[in-house]
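J.: quick one, structure for this:
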Amino acid sequence: MNPVNERPSVPFDHLSDSDLEVGTVYRAGPTGSFGDDPISKVIGGGNRGGFRYEGTTAVPGLRFVVLFTTFNEPEWPDRFEDAGRRFIYYGDNRQRGQDLHDTPKRGNLVLREVFGAAHSGRRQEVPPIFVFSRWRQSRDVIFEGLAVPGAPGLTEEADLVAFWKTHDGERFLNYRAGFTMLAVDRLTRDLLRATKEGRWADVAPPLWTAWRQHGIAALATQPEIVRTWHSQS
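T.: Model prediction:
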């Protein structure tokens, strides 16, 4: 394997038994159908869209949330900041004609619920948030890591912001959300299974538990999270 051009990968037919490891590519199926989506096989939550989840859109009914980005929409520049520790993600009201929270996938409603719980002392009700991105121009995905709402240096007024956008002369609102990526390299299959069964809080990684107990301040001294694959062609 050439480390400059390739990443560790998991083939499609092994996804349902695999762990999630940061920087690993999860391969899509061969037919080109929605059923070939790798995220739905490795964790669940549906096989389409930037927002995916299991459970209700309300907290504490959410069992987990998946955020997927292609990193190729200039109007909605999802990105990593602060040496890979902060993830900026744009909501799913990306076209005119609908209200901020009235989107087909209800992704912005999920953002409102998750950040609301985080800021109202109910962090134990916040579900795990798994971040994936598209690998190159394929339907394969790469696992970016585990996130929590908010980030060191972002106040409550700044970590979830509704802002105006204009398209074809019509203004509409969307969200810009700031998350902290945890320095957790691997999530085991047993842990993922517990997540789907609603037992996440009992088995969560120590960094997530520290955030649940103490908030964003507990993450202020995290190390850099190097994402070398984003600089590769």
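J.: so which elements touch the helix ranked longest in the chain?
T.: The longest helix of the chain (DSSP state H) is helix 107-119. Where contact means 3 or more C-beta pairs under 8 Å, 6 or more residues apart in numbering; DSSP states H and E, helix 107-119 is packed against strand 51-55, strand 62-69, strand 141-149, strand 160-167, strand 170-181. For every residue, glycine as well, the C-beta is placed using N, CA and C.
J.: so for that helix, mean pLDDT?
T.: For helix 107-119, the mean pLDDT works out to 96.
J.: how about the CA coordinates for the worst-scoring helix or strand of the chain on mean pLDDT, as CSV?
T.: Using mean pLDDT, DSSP states H and E, the weakest-scoring helix or strand in the chain turns out to be helix 200-203, at a mean of 91. Below are the C-alpha coordinates for helix 200-203, written out as CSV (Å, rounded to 0.1, in the frame of the first residue of the first chain):
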residue,chain,number,x,y,z
TRP,A,200,-24.2,4.7,24.5
ALA,A,201,-23.9,6.5,27.7
ASP,A,202,-22.9,3.3,29.5
VAL,A,203,-20.0,2.5,27.2
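J.: specify the residue positioned farthest from the middle of the protein.
T.: Relative to the C-alpha centroid of the chain, counting by C-alpha atoms, centre = their mean, residue 169 is the outermost residue, at 31.1 Å.
J.: where does pLDDT dip in the chain?
T.: For the chain, the stretches with pLDDT under 70 are 1-5, 231-233.
J.: find the nearest non-adjacent residue to residue 153, please.
T.: Ranked by C-beta to C-beta, 6 or more residues apart in numbering and with sequence neighbours excluded, the top spatial neighbour of residue 153 is residue 82, at 7.5 Å.
J.: how close does that neighbour sit to residue 88?
T.: From residue 82 across to residue 88, the span is 10 Å (C-beta to C-beta, to the nearest Å).
J.: ok, the residue nearest to residue 153 to residue 224 distance?
T.: From residue 82 over to residue 224 the distance is 9 Å, taken as C-beta to C-beta.
J.: and residue 211, by the same measure?
T.: 18 Å.
J.: residues in contact with residue 156?
T.: For residue 156, the contact set (C-beta atoms under 8 Å, 6 or more residues apart in numbering) comprises 119, 150.
J.: change the start of the numbering to 39 and stick with it
T.: Let's use 39 as the start, then, which means that last one is residue 194.
J.: who's the nearest residue to residue 179 once chain neighbours are set aside bridged to?
T.: By the measure of C-beta to C-beta, 6+ apart, the closest residue to residue 179 outside its immediate chain neighbours is residue 170, 4.5 Å from it. For residue 170, the beta-bridge partners are residue 106, residue 181 (DSSP bridges).
J.: give the contact list for residue 170.
T.: By C-beta under 8 Å, 6+ apart, the contact set of residue 170 is 64, 77, 104-107, 179-182.
J.: I'd like the distance between the closest residue to residue 89 other than its chain neighbours and residue 185.
T.: Take residue 89 and drop its neighbours on the chain: the residue closest to it by C-beta to C-beta, 6+ apart is residue 145, 3.1 Å away. Counting by C-beta to C-beta, the separation of residue 145 from residue 185 is 14 Å.
J.: over to residue 256?
T.: Distance of residue 256 to residue 185, computed by C-beta to C-beta: 15 Å.
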